[in-house]
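J.: sequence unavailable; structure follows:
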(Lines give C-alpha, C1' and ligand atoms only; values in the text may rest on other atoms or scores of the structure.)
Protein backbone atom coordinates (compact mmCIF):
# COMPACT_ATOMS: atom_id res chain seq x y z
CA UNK A 1 0.00 0.00 0.00
CA UNK A 2 1.18 3.47 -0.70
CA UNK A 3 1.52 6.24 1.84
CA UNK A 4 -1.28 8.82 1.85
CA UNK A 5 -0.25 12.07 0.22
CA UNK A 6 -0.19 15.41 2.01
CA UNK A 7 -3.26 16.45 0.02
CA UNK A 8 -5.16 13.51 1.50
CA UNK A 9 -3.98 14.48 4.99
CA UNK A 10 -5.19 18.05 4.42
CA UNK A 11 -8.53 16.75 3.15
CA UNK A 12 -8.88 14.58 6.26
CA UNK A 13 -8.00 17.51 8.53
CA UNK A 14 -10.53 19.70 6.75
CA UNK A 15 -13.25 17.12 7.25
CA UNK A 16 -12.37 16.69 10.93
CA UNK A 17 -12.44 20.47 11.46
CA UNK A 18 -15.82 20.67 9.71
CA UNK A 19 -17.22 17.87 11.89
CA UNK A 20 -15.82 19.48 15.04
CA UNK A 21 -17.47 22.79 14.14
CA UNK A 22 -20.75 21.01 13.43
CA UNK A 23 -20.68 19.02 16.68
CA UNK A 24 -19.41 21.78 18.98
CA UNK A 25 -22.90 22.69 20.29
CA UNK A 26 -23.46 18.99 21.03
CA UNK A 27 -20.17 18.13 22.77
CA UNK A 28 -21.76 16.45 25.77
CA UNK A 29 -24.11 14.40 23.60
CA UNK A 30 -21.34 13.38 21.22
CA UNK A 31 -19.07 12.24 24.05
CA UNK A 32 -21.98 10.45 25.74
CA UNK A 33 -22.82 8.68 22.47
CA UNK A 34 -19.22 7.56 21.98
CA UNK A 35 -19.02 6.45 25.62
CA UNK A 36 -22.21 4.41 25.45
CA UNK A 37 -21.21 2.89 22.11
CA UNK A 38 -18.02 1.67 23.78
CA UNK A 39 -19.97 0.32 26.77
CA UNK A 40 -22.37 -1.47 24.43
CA UNK A 41 -19.51 -2.98 22.44
CA UNK A 42 -17.76 -4.18 25.58
CA UNK A 43 -21.02 -5.66 26.88
CA UNK A 44 -21.52 -7.55 23.65
CA UNK A 45 -17.97 -8.93 23.84
CA UNK A 46 -18.45 -9.89 27.49
CA UNK A 47 -21.64 -11.76 26.61
CA UNK A 48 -19.73 -13.79 24.04
CA UNK A 49 -17.04 -14.64 26.57
CA UNK A 50 -19.68 -15.64 29.11
CA UNK A 51 -21.31 -18.03 26.65
CA UNK A 52 -17.88 -19.46 25.79
CA UNK A 53 -17.16 -20.00 29.49
CA UNK A 54 -20.50 -21.75 30.05
CA UNK A 55 -19.99 -24.03 27.07
CA UNK A 56 -16.35 -24.82 27.89
CA UNK A 57 -16.67 -25.21 31.66
CA UNK A 58 -20.23 -26.15 32.50
CA UNK A 59 -20.58 -28.74 29.76
CA UNK A 60 -17.14 -30.31 30.15
CA UNK A 61 -17.00 -34.12 30.38
CA UNK A 62 -15.67 -34.00 33.95
CA UNK A 63 -18.54 -31.80 35.03
CA UNK A 64 -21.09 -34.08 33.40
CA UNK A 65 -19.61 -37.21 35.03
CA UNK A 66 -19.58 -35.63 38.51
CA UNK A 67 -23.06 -34.21 38.21
CA UNK A 68 -25.55 -35.47 40.82
CA UNK A 69 -28.52 -33.77 39.26
CA UNK A 70 -29.23 -36.62 36.81
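T.: That came through fine. Keep in mind the model is a prediction, meaning the values are calculated, not measured. Numbering: from 1, shown residues only.
J.: and stretch 23-35, average pLDDT?
T.: Stretch 23-35 shows a mean pLDDT of 93.
J.: in the protein, which helix has the most residues?
T.: Under DSSP state H, the helix in the chain containing the largest number of residues is helix 27-53.
J.: where in the protein is pLDDT low?
T.: Residue ranges of the chain with pLDDT under 70: 1-4, 62-70.
J.: centroid residue for it?
T.: For the chain, the residue sitting closest to the mean C-alpha position, by C-alpha atoms, centre = their mean, is residue 41 at 3.5 Å.
J.: what about that one, distance to residue 13?
T.: Distance of residue 41 to residue 13, given as C-beta to C-beta, to the nearest Å: 27 Å. Any C-beta I mention is one placed from the backbone N, CA and C, and that applies to glycine too.
J.: cool, residue 20 as well?
T.: Distance from residue 20 to residue 13, by C-beta to C-beta: 10 Å.
J.: look up how far residue 46 lies from residue 9.
T.: 37 Å.
J.: got it, and residue 26?
T.: 29 Å.
J.: how about residue 34?
T.: For residue 34, the distance to residue 46 - C-beta to C-beta - is 19 Å.
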